[in-house]
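here is a sequence with its predicted model. Questions after.
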Amino acid sequence: MKYWRAGLMGGGIGGVMLLVFWSVFTAQYLNYDDPVHVVNDLFATPWRIFFTPDSACTIYVPLSMISFYIEQIIFKSNPYAAHVINFLIHAGVVLLVYRLACRLGLKKAAAYIAALIFAVHPMHVESVAWVSERKDLLYSVFYLGAVLFYCSYVEQQNRRAYFFALVCGLASALSKPMALSLPLVLFLIDHIKGRKFTWASVLDKLPFFVIIEPLVLITYVLNSRDMAAVVPGGLALWAWCGAFYINTFFWPVHLLPVYGAPALTGFPLAVYIILPAAGGVVAWMIGGARARPWLVFAFLFYILSTFFVWRFDTQDLNVVADRYMYLPSLGFCLLAGFVLNAWLEMSTTVIRKYIFFGFAAVLLLLLAGRACQQVQVWDNGFRFWGNILKDRPDAAFALKGRIRAALLFDPLFDRGVEEDIKKTVDQRYWKRLAGSPEATELAGRKVFYLRQLSALRDLKALGRAKGDKKDYYHFLAVAHENLDRRRHIMSQRIFNEYSLAINLDAKDSLLYFSRGLAALRMKNDAAALKDALMAVKLEPKEPTYYDLAVFCAVRSGNYRLAMALLDIEAVLFPDKVSVPRDRVKIDRWMSGVQIEK
């Protein structure tokens, strides 16, 4: 009977999770950090992962990168597999939350409520729906595993459990640097378990500090701040960040993938600080004196787990982010579970129980519904950046992201973009088009041009924005290139736009390669060869640059240069099958032997 009830409760949580995250299984990779984790040069030499920080965000997360490497071996670049893996790890975290809640003294009903809230809370969607944030999930699994093993050690003085706690702590730190809080949280666990603060309890934490903090220090050094760059009012910003996460957890209405810097005026800042205190008073009123340990645990666990991500400056794109609250919200979930269970126990009459279950059902529907909405935001890059632009229409970084999503034709990133593009046109058009015998071809052509027009519309806004214009000219050239791909009547304009971008960044090899292609369409072989050679010089390990350089050299009649480039290719890319064939052809041309093209 006991196992049947536990299975039913677990199945209930699993069912709700599937309903909330169902659409994530059809989501694509985003053109926001995901490309680094889908195709990474480190995967060719996986041992280098342990000596190289994550190039997407300059943090040391080798275990997370290893998970992406293993995924590439088994599933290749498959976004569906990536999202299923994230979901399953999240389910594992939810199970560990339930186990930890029971171990810390919550009743099973309260632990179940806490795990359910953790499973479907809208602030946790980012960590599950965004493939790149697997590091949140992995570090949480090992973090909670370390805490559970440490609980066994405290309760039973089990040295084996202590060893496994150390191993899990190390794995957590290798997954994400936020694990630096683990040794501090273990002091909090001692307090909850009634263990006195002694030298022995301090010495127990020392190995955790020794194995975790040096790993975290790598990320700190890579992202260290110049204190002179701290904005005026840095302490106010720091306090605002601390209050923001609590308020957003209890009122998850205005959620964004990327939050802007706040306006730190007196009234909003005071409200952000007062609201958490008011929430604590309400919890005390419902739970009475029994709520005190859980209030203390919730706020201390949150502070110890997040104080190092509260910002003093606005240098980063994200001043705050939902993902930073994934595991730190654990204490508040446990507190909510305790308070709701205390309310249920106080409901001694049928009417009171109806009121409680009605409130609980409404709360669950609101959380699950808001989470479903948030999952949709992470479906594809075009929608993701568009969601940010609704709140910040002039954000240059979001305009660039949506332009890339519109111009990028890649199956890994493209599913869902066409459907969102179609929504920009009256839906009656597509219904009329559906009756046409050439509906598929006409629809594809229409969507193609709509994508270019969408990019040009955003480029108009990007042109008005302040900042680097290199991307503006680059994207403008790509859009015109796509529109001109059959007629070749805009080649000179495209060439000039790439030239303007190169003037702003003379070290971008892709710009030279693209301008070389434009020159080739203009039949300016000398200019095309010059740009191709420059691209090779800047990026000597890109095979497509050599292909263009060899082609232009042959077109210009410079066979010796073409042969020299092929010799370099033979050394750099020994498996490239076209090199021996091209060398034979060029050798015959050099010998005056005519062969068929």
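Nice, I can see it.

centre of the chain to stretch 109-120, how far?
Distance of stretch 109-120 from the chain centroid (C-alpha atoms, centre = their mean, to the nearest Å) equals 25 Å.

ignore the last one, stretch 570-582
37 Å.

in this protein, which residue is closest to the centre?
Note on the chain: the residue nearest the mean C-alpha position is S132, at 4.0 Å, using C-alpha atoms, centre = their mean.

my read: it touches D33, true?
Yes - S132 is within contact range of D33, at 4.1 Å (criterion: C-beta atoms under 8 Å). Quick note: C-beta positions are derived from backbone N, CA and C, even for glycine.

got the phi/psi numbers for I59?
Torsion angles at I59 (phi, psi; degrees, to the nearest 10) stand at phi -130, psi 160.

give me the phi and psi for V478.
Dihedral angles for V478 - degrees, to the nearest 10 - are phi -60, psi -40.

contacts only, for it.
Taking C-beta atoms under 8 Å, 6 or more residues apart in numbering, we find V478 in contact with L407, A455, S514.

shaky segments in the stretch 301-450 of the chain?
410-416, 422-441 (pLDDT under 70).

in it, which spans are strands?
With DSSP state E, counting those that start in this stretch as the definition, the stretch 301-450 of the chain shows no strands.

ranges for the helices of it?
Along the stretch 301-450 of the chain, the segments classed as helices by DSSP state H, counting those that start in this stretch run 330-346, 350-377, 381-391, 396-407, 411-414, 417-422, 427-434, 439-464.

can you give me the neighbour number for P580?
By other C-beta atoms under 10 Å, the residues close to P580 number 11.

these two touch, right, C57 and Y32?
No - using C-beta under 8 Å, C57 is not in contact with Y32; the gap is 10.6 Å.

those two: who's more crowded?
Each of C57 and Y32 has its neighbours counted (other C-beta under 10 Å); Y32 has more, 22 against 17.

who touches the more buried one in this structure?
Contacts for Y32 (C-beta under 8 Å, 6+ apart) come out as W130, S132, G381, F384, W385, G401.

dihedrals phi and psi, D394?
Here is the backbone geometry of D394 (degrees, to the nearest 10): phi -100, psi 10.

what sits against it?
A461, R464, A465.

picking that back up, against F551, how distant is the residue nearest to the centre of the chain?
In this view, S132 and F551 are 37 Å apart by C-beta to C-beta, to the nearest Å.

ok, D204 next?
Taking C-beta to C-beta as the measure, D204 falls 67 Å from F551.

check which helix or strand the closest residue to F68 other than its chain neighbours maps to.
For F68, ignoring the flanking residues on the chain, the nearest one in space by C-beta to C-beta, 6 or more residues apart in numbering is H37 at 4.6 Å. Using DSSP states H and E, H37 sits within helix 34-38.

of the contacts of D394 - the most surrounded one?
A461 leads these on contacts (other C-beta under 10 Å) with 17 neighbours.

residue contacts, the residue nearest to it when sequence neighbours are not counted?
Once flanking residues are discounted, A461 sits nearest to L399: 5.7 Å by C-beta to C-beta, 6+ apart. Applying C-beta under 8 Å, 6+ apart, we find L399 in contact with W385, L389, D458, L459, A461, L462, A465.

what's the answer for F551, then?
Contact partners of F551, counting by C-beta under 8 Å, 6+ apart, are L520.

M178 now?
So M178 contacts Y139, S305, F308, V309, Y324, L327 (C-beta under 8 Å, 6+ apart).

quick check: the second one touching S181?
Read that as S305. Yes - using C-beta under 8 Å, S305 is in contact with S181, at 4.6 Å.

of these two, which one has the most company?
S305 (27 against 23).

what number of residues lie near L116?
26.

same question, M534
M534: 21 neighbours (other C-beta under 10 Å).

now it. Nearest residue, chain neighbours left out?
Per C-beta to C-beta, 6+ apart, closest to M534 is Y512, 4.5 Å.

from S499, how far out is the one you found?
Using C-beta to C-beta, Y512 is found at 10 Å from S499.

neighbour-wise, which of these two wins?
Y512 (25 against 15).

what's the spacing between the more buried one and G14?
In this view, Y512 and G14 are 53 Å apart by C-beta to C-beta.

likewise for L222?
Distance of L222 to G14, given as C-beta to C-beta: 39 Å.

for stretch 308-320, output the C-alpha coordinates as CSV.
Written as CSV, here are the backbone C-alpha positions of stretch 308-320 (Å, rounded to 0.1, in the frame of the first residue of the first chain):
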residue,chain,number,x,y,z
PHE,A,308,27.9,35.6,-5.5
VAL,A,309,25.7,36.2,-8.6
TRP,A,310,24.2,39.4,-7.3
ARG,A,311,25.7,42.1,-9.5
PHE,A,312,27.5,45.3,-8.6
ASP,A,313,27.6,46.4,-12.3
THR,A,314,25.8,46.0,-15.6
GLN,A,315,28.6,44.9,-17.8
ASP,A,316,27.1,41.5,-18.6
LEU,A,317,24.1,41.0,-20.9
ASN,A,318,22.3,39.4,-18.0
VAL,A,319,22.1,41.4,-14.7
VAL,A,320,19.8,38.7,-13.4
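
so what touches that stretch?
With C-beta under 8 Å, 6+ apart, stretch 308-320 has contacts from 178, 180-181, 225, 229-231, 234-235, 237-239, 241-242, 244-245, 258-262, 324, 397.

in this protein, which helix or strand is least confident?
Lowest on mean pLDDT, DSSP states H and E among the helices and strands of the chain sits helix 266-287, with a mean of 54.

scan the contacts of V478 and report the most crowded one.
That'd be A455 among the contacts of V478, by other C-beta under 10 Å, with 25 neighbours.

ok, that one - contacts?
By C-beta under 8 Å, 6+ apart, A455 lies in contact with I403, A406, L407, F475, V478, A479.

again, only using 10 Å
Counting by C-beta atoms under 10 Å, 6 or more residues apart in numbering, A455 makes contact with 399, 402-408, 462, 475-476, 478-479, 482-483.

for the residue nearest to the centre of the chain, give its distance to K76.
Going from S132 to K76 by C-beta to C-beta gives 18 Å.

and if you look at L363?
For L363, the distance to K76 - C-beta to C-beta - is 41 Å.

look at the two and report which has more neighbours.
L363 (14 against 10).

wait, that one sits on W343?
No - contact between L363 and W343 fails when scored by C-beta atoms under 10 Å: they sit 11.4 Å apart.

and stretch 101-111, what's buried?
A101, C102, R103, L104, G105, L106, K107, A110, A111 (16 or more other C-beta atoms under 10 Å).

and the contacts of that stretch?
2, 5-6, 9, 97-100, 112-115, 118, 147-148, 151-152, 155, 189, 192-194, 293-294, 297, 330, 333-342, 344-345.

one more pass at 8 Å, please.
Here stretch 101-111 has contacts from 98, 114-115, 148, 151, 189, 192, 297, 334, 337-338, 340-342, 344, using C-beta under 8 Å, 6+ apart.

cool, stretch 205-212 as well?
Stretch 205-212 has contacts (C-beta under 8 Å, 6+ apart) with A165, L166, G169, L170, S172, A173, A179, L180, L182, P183, L186, F187.

now the two most distant members of those residues.
Farthest pair in the contacts of stretch 205-212 (C-beta to C-beta) is L170 and F187. Separation: 18.8 Å.

the two: which is more packed in?
Between L170 and F187, counted using other C-beta under 10 Å, the more crowded position is L170 (20 against 16).

many thanks, have a good one.
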